[in-house]
Structures are given as structure tokens and as C-alpha cells.
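Enquirer: no FASTA, just this:
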């Protein structure tokens, strides 16, 4: 489904963000990418979402070289991913309902579909009573649940979660990871980037470990070892 | 398409009201810029009125030989009227000239008695010529000096008035040039300030735009609400500017009329209200929409 082929990414001649990265992710996998801060996890996700281009190497999504996607087709490409970030990246001028609805509106969803699906999604992530609140009126956990509901709204093939528990306390972190596990069980591929040891060891799923931009470990039932 | 339009308008409307303070700043700057442009138009109207009044006072007199018949005088008048440079030609007969002199000097008995001593009407009939523009008198003069007019014209008083005409002509062209320079400079400054205000507002939305792109929104769907916001801001600024202009001209109309010898601001405003509103509306909306589109471009690359 996703293939990273000899990916290098440099921001200046002497600083490698990623060095000769190659791996493959199959459909319906739950893959965690771990590493210290600055190991290259976020860069890897930025490359996958085509926020940036690799310096060399190729990334394939469903056999398509994503570097070759034209600018005008990027929105369609990105609509296949549901993205969840540490800083939530919610639209601050929209309510919880509108944030989730926006993702569906972008996809061309009808008003009927929006009013049918958004309340269900908010119910799944447990924030239906916050539908009319703005992001600044929510706790960190509620913001992240909104972000997950938004990611699910487009029925993505893949959920990419970049440090989704980074700003949350252990209680809310566990909630968010349980939500991601539930989403995975429903058939969605999940890519989770984190440096939370407890989260990784509790998952018992595939772990790719990065150190200074290089893959140092790729295990099917991995543990958090840096 | 209808759904896209409806959603774009809704997003723009929400953004406008929910980002109240930033948009209030944009509306304020737009109002100042539009008002500035409008007042330049009003000032131009006033200056035109004053220049017109000055121009009306400039003319040259062509004194005709006393042996000309009425038909010959009319023929000369008609010939001059055919020139594009000539705005008006009025005939002053010998009798009119005498009557005017007597009226002007009715209290100066010595002068009036001297007329009796002469015994006949010493005045020449004349044509008072007013040019379309003061700088055109030289061209009119060259026609008057042609050989066909030699036996008709006794004297032209252009030489006496030449200095005054040239000074006034220079003054008028200077006023026009300064007016144009001021209009362009102030218009540019206003446009740049507006552009920068909108750029700051959009810079503030930069993070939101990147989120929209990540969610997969097309450039069209990202740009659309900003255009709607620009239209709303432009329309509100137009309404405010128009109201300010209406109130200013209404309350200052009479005072300015007294100062400018007949230029009533409110009458001028009433006569040009539709055109002014159109200029304000077009300049307000185009300024904010174009500024928004330029400012947003950098966030839509890649």
C-alpha cells in the first residue's frame, strides 16, 4: 500500500533529516514509528502527506509515485488520509460540528450525509455534547477527539497520527490510543508516530524505530527500545 | 456548483463575524481609503468649479473697424465660432460700448463731458472671444492676424492680457497636475495600506489555511471564503464611506458655497451620488478582493 524506497531528506548539506529510509506498509496494518525528538518521525509523515518532497528516493502510495502528483491533484490525494496531530490543527473559527463537517464538505458530501454522519462520529469519539463549542473551549483530550472525528469523517484508507498523545495526560492518552485501535479493528490502516513508551509497549504491534534519521529496527511485535 | 457557492458564502460569512477585531481593522482601513478616494473626487469637482469661474473671466476683445456692416460682423462671429478652440463669441456694438462706458463712469462728470466734446461715439464695436482653454488664445490670435481679417479688425487686446492669460493658464495646468499627482499618490498609499492590513489578517489565518490543505480542501474552496470576506468588508466600508460623505456634504454644503463663490458641495454630491457610490463600491470591493487573492497566493503553493 505504501512503499518508502531509499528516501533521503536533507535541509542543508550537512544535516540529514532522513537517511536511506526503505520500508513497506501493507493494507490494514497498525504501524508505530518511534524515535527521540528530532529522529525524523515528523519529516517522514510530512513526506507521506506530500507537505514536503524527498531529496532523493521515491514514495509510492497504491503504486503511484507521490512526488509525481500534480499540485492540482494534491487535494484528492490528501483526502485519502485522515491526519491527527499533536497540536490538533483544528480550525479555530469553526465549532466542533463544523470542523468535522468541513472534512466532509471538502469531499463533496451532501448536507444530508453531513447531518447524518457528523453526530454519529461525535458520538463514537465521545464529544457529542460539545458539538457547538469552539476548539478554544475544549480540553486537550476533547480537541484530539475532534481531530480524530474529523479524520474519520472522510472515511480514509489510512489514519496518520503524529504524536497524538504528546499534549495529553496518561488518562486521555489511553483513550485516544483505544480509539485508534478501534478504528484499526474496523479495517483502517493506522500509522502512529510517538515517543510514548507506555503506548508502544501496550500495543504489541509493528514498530519501526528511527535514530538520527535512519531505521535501526523494524519488528512485527515490537517494543519501545531506543 | 450551487452547493459549493452556498458553502463558500457561509464559510466567508462565519469567518468575517468570528474574526471580528481583525475584520473591523480591515473595514476601518478600507473605509479610510475609500473615503480618501471619494474626497479626491469631490475636491476635483470643487477645483473644476473654481477653474471654470476663473476661465469665464478670461477673454480677448477684437475691436472692429467702424465701417463694417451688421452682416459682416455676424459673418466674422460665425467664422470664429466654427473654430474648435473658441467656446463663445459675443458682439458688443459701438452703442453698447458707449452705454457701458457711461454706466461705468456715471459719477465722473469730467469723463462724460469729454464725450460731449468729442461729439461722436468714439468707441469701436468689438467681439469678445472666450477660448475653450486659456492656452488656446495664441491659436485664435493667429487666425485673427491672417490676411483675410486685415480689413476687418482694428485692434486685438491680446498683448495687454497676454501675461495674465499665460499666468492663469500655467496656474490651471499646475493645479491639474498637482491634483493628479495627489490623487495617484494618495490612491497608491491607500491601496498599499489596505493590502498590508489584509496581508496581516491572512497571515494570521496561515495556520488555518495549512490545516484546510491537509484536510484536502481545494485551492478554490480555500480562496473562496476569503473572497467572500473581502466582498463583505468592501461592501460595509462602502456603506460607511458613503454615509460619511453624505453627512459631510450635507452639513458643509452651505459653508463651502460661501467660501467658493457658488460651489454647493451637497448639490454636487446629489448630482454625482450614483457615480460616486459606484466608484466607492467598485474600489472597495476590488481593493479588498484583489489584496486577499494576492496575499493568499503564498499559502497555496505546494
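Expert: Cool, the structure landed. Only a predicted model underlies this, so the values are computations on that prediction, with no experimental measurement involved. Residues are numbered from 1 along each chain as shown, chains lettered A, B, ... in the order given.
Enquirer: what's around the closest residue to chain A within the stretch 101-250 of chain B, how many residues?
Expert: Residue of the stretch 101-250 of chain B nearest chain A, by C-beta to the nearest C-beta: residue B:216 (3.6 Å). Placement of C-beta: from N, CA and C, glycine included. Counted with other C-beta atoms under 10 Å in any protein chain shown, the neighbours of residue B:216 add up to 22.
Enquirer: phi first, then psi, for the closest residue to it other than its chain neighbours.
Expert: Spatially, and ignoring its direct neighbours in sequence, residue B:216 is nearest to residue A:79 (3.6 Å; C-beta to C-beta, 6 or more residues apart in numbering or on different chains). Per-residue torsions, residue A:79: phi -70, psi -10 (degrees, to the nearest 10).
Enquirer: show me the contacts for residue A:79.
Expert: Residue A:79 makes contact with A:106-107, A:154, A:156, B:215-216 under the criterion C-beta atoms under 8 Å, 6 or more residues apart in numbering or on different chains.
Enquirer: and stretch B:59-68, how far out from the chain's middle?
Expert: 36 Å (C-alpha atoms, centre = their mean, to the nearest Å).
Enquirer: so for it, first residue to last residue, what's the gap.
Expert: From its first residue to its last, stretch B:59-68 covers 22 Å (C-alpha to C-alpha, to the nearest Å).
Enquirer: buried ones in it?
Expert: Of the residues in stretch B:59-68, B:59-64, B:68 count as buried by neighbour count, 16 or more other C-beta atoms under 10 Å in any protein chain shown.
Enquirer: tell me the one among these nearest to chain A.
Expert: Ranked by distance to chain A (C-beta to the nearest C-beta), the buried residues of stretch B:59-68 are led by residue B:59 at 66.7 Å.
Enquirer: so the closest one makes contact with residue B:126?
Expert: No - Residue B:59 is beyond contact range of residue B:126, at 10.4 Å (criterion: C-beta atoms under 8 Å).
Enquirer: ok, residue 38 - contacts?
Expert: No chain specified, so I'll use chain A. Neighbour list for residue A:38: residue A:212 [criterion: C-beta under 8 Å, 6+ apart].
Enquirer: not quite, go with chain B.
Expert: Residues in contact with residue B:38 (C-beta under 8 Å, 6+ apart) are B:241-242, B:245, B:276, B:279-280.
Enquirer: mind putting those into CSV with neighbour count, secondary structure and pLDDT?
Expert: Formatted as CSV, these follow (neighbours: other C-beta atoms under 10 Å in any protein chain shown; DSSP: H, G, I helix; E, B strand; the rest coil; pLDDT from 0 to 100):
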residue, neighbour count, secondary structure, pLDDT
B:241, 26, helix, 94
B:242, 19, helix, 94
B:245, 22, helix, 91
B:276, 22, helix, 89
B:279, 16, helix, 88
B:280, 24, helix, 89
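Enquirer: distance to chain A added to these, as CSV?
Expert: Shown next, in CSV, are the contacts of residue B:38 (distance: C-beta to the nearest C-beta, whole Å):
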residue, distance to chain A
B:241, 27
B:242, 29
B:245, 33
B:276, 35
B:279, 32
B:280, 29
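Enquirer: of those residues, closest to residue A:142?
Expert: Nearest to residue A:142 out of the contacts of residue B:38 is residue B:241 (C-beta to C-beta; 43.7 Å).
Enquirer: which residue is the nearest non-sequential neighbour of the closest one?
Expert: Distances taken as C-beta to C-beta, 6+ apart put residue B:34 closest to residue B:241, at 4.2 Å, once the chain neighbours are dropped.
Enquirer: now residue A:175
Expert: residue A:141 (6.4 Å).
Enquirer: touching, that neighbour and residue A:174? I think so.
Expert: No - between residue A:141 and residue A:174 there is no contact under C-beta under 8 Å: 10.1 Å.
Enquirer: what about these two, which has more around it?
Expert: More neighbours surround residue A:141 than the other of residue A:141 and residue A:174, with 20 against 15 (other C-beta under 10 Å).
Enquirer: how about the contacts made by the more buried one?
Expert: Residue A:141 neighbours (C-beta under 8 Å, 6+ apart): A:168-169, A:171-172, A:175-176.
Enquirer: and with 10 Å instead?
Expert: Neighbouring residues of residue A:141 by C-beta atoms under 10 Å, 6 or more residues apart in numbering or on different chains: A:125-127, A:165, A:167-169, A:171-173, A:175-176.
Enquirer: most proximal residue of chain A with respect to chain B?
Expert: Closest point on chain A to chain B, by C-beta to the nearest C-beta, is residue A:79, at 3.6 Å.
Enquirer: give the residues shared as contacts by residue B:59 and residue B:126.
Expert: With C-beta under 10 Å, 6+ apart as the test, residue B:59 and residue B:126 both reach B:90, B:157.
Enquirer: shaky segments in chain A?
Expert: In the predicted model, chain A carries no residue with pLDDT under 70.
Enquirer: of all residues in it, which one is nearest the centre?
Expert: By C-alpha atoms, centre = their mean, chain A has its centre lying nearest to residue A:160, at 1.7 Å.
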